[in-house]
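**Student:** Any chance you could fold what I've pasted below:
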Amino acid sequence: MRPQMRLTANGNAWYYHIGSRSEDLAEGGGLRIREFEWDEGNILHLTLGHGIEPDEAEEALAVAPLVRRTKKGHYAAFGRTNAGRLLVIVFEKKTGGSLRVITGWDMNTAEKRFYRRSRRGSSND
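**Tutor:** The predicted structure is shown next:
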């Protein structure tokens, strides 16, 4: 079930507001998302460069993603869309619970293996 969202504009950025308060969308804790920050730059990069729609990136982050910190100080989330597509989504956490997606891609064989091994025994795989 997808969380209720509303879209607002602030300058050149669009924000998806999730509920009326911060919600923990990653089952089991860890990743708290209040809103997604989308603008023309990250939408076009994700869609045209990697074939991932913003909704798919949000879905991959919504249900118990595996999150790891990157060397550049961002985060890489390994998750599954509602349609079952396995994605890696790189994002940065902003103040106030905002999350800005930087890039993403379909998991390669090694990433799928990591994701499935980490999820073994979980109801999410």
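
**Student:** Could you pull up phi and psi at residue 56?
**Tutor:** phi -70, psi -40 (degrees, to the nearest 10).

**Student:** Name the nearest residue to it, sequence neighbours excluded.
**Tutor:** residue 81 (4.8 Å; C-beta to C-beta, 6 or more residues apart in numbering). For glycine as for every other residue, the C-beta is placed from the backbone atoms N, C-alpha and C.

**Student:** number of nearby residues for that neighbour?
**Tutor:** Per other C-beta atoms under 10 Å, the neighbour tally for residue 81 reads 19.

**Student:** which residues touch it?
**Tutor:** 56, 59, 60, 87 (C-beta atoms under 8 Å, 6 or more residues apart in numbering).

**Student:** if I pick residue 83, what's in contact with it?
**Tutor:** With C-beta under 8 Å, 6+ apart, residue 83 has these contacts: residue 56.

**Student:** That one looks like it's in a helix, true?
**Tutor:** No: looking at residue 83 with DSSP: H, G, I helix; E, B strand; the rest coil, it is coil, so not inside a helix.

**Student:** Can you name the element that comes right after the lowest-mean-pLDDT helix or strand in the chain?
**Tutor:** Every helix and strand of the chain was ranked by mean pLDDT, DSSP states H and E. The lowest is strand 23-24, at a mean of 32. Counting by DSSP states H and E, the next helix or strand C-terminal to strand 23-24 is strand 32-33.

**Student:** in its sheet, what does whichever helix or strand comes after that next one sit against?
**Tutor:** Once the chain leaves strand 32-33, the next helix or strand it forms, by DSSP H and E, is strand 35-39. Using DSSP bridges, strand 35-39 pairs in its sheet with strand 13-18 (antiparallel), strand 98-106 (parallel).

**Student:** about what we covered before: which ones among the contacts of residue 81 are found in strands?
**Tutor:** Mapping those onto strands (DSSP state E) picks out residue 87.
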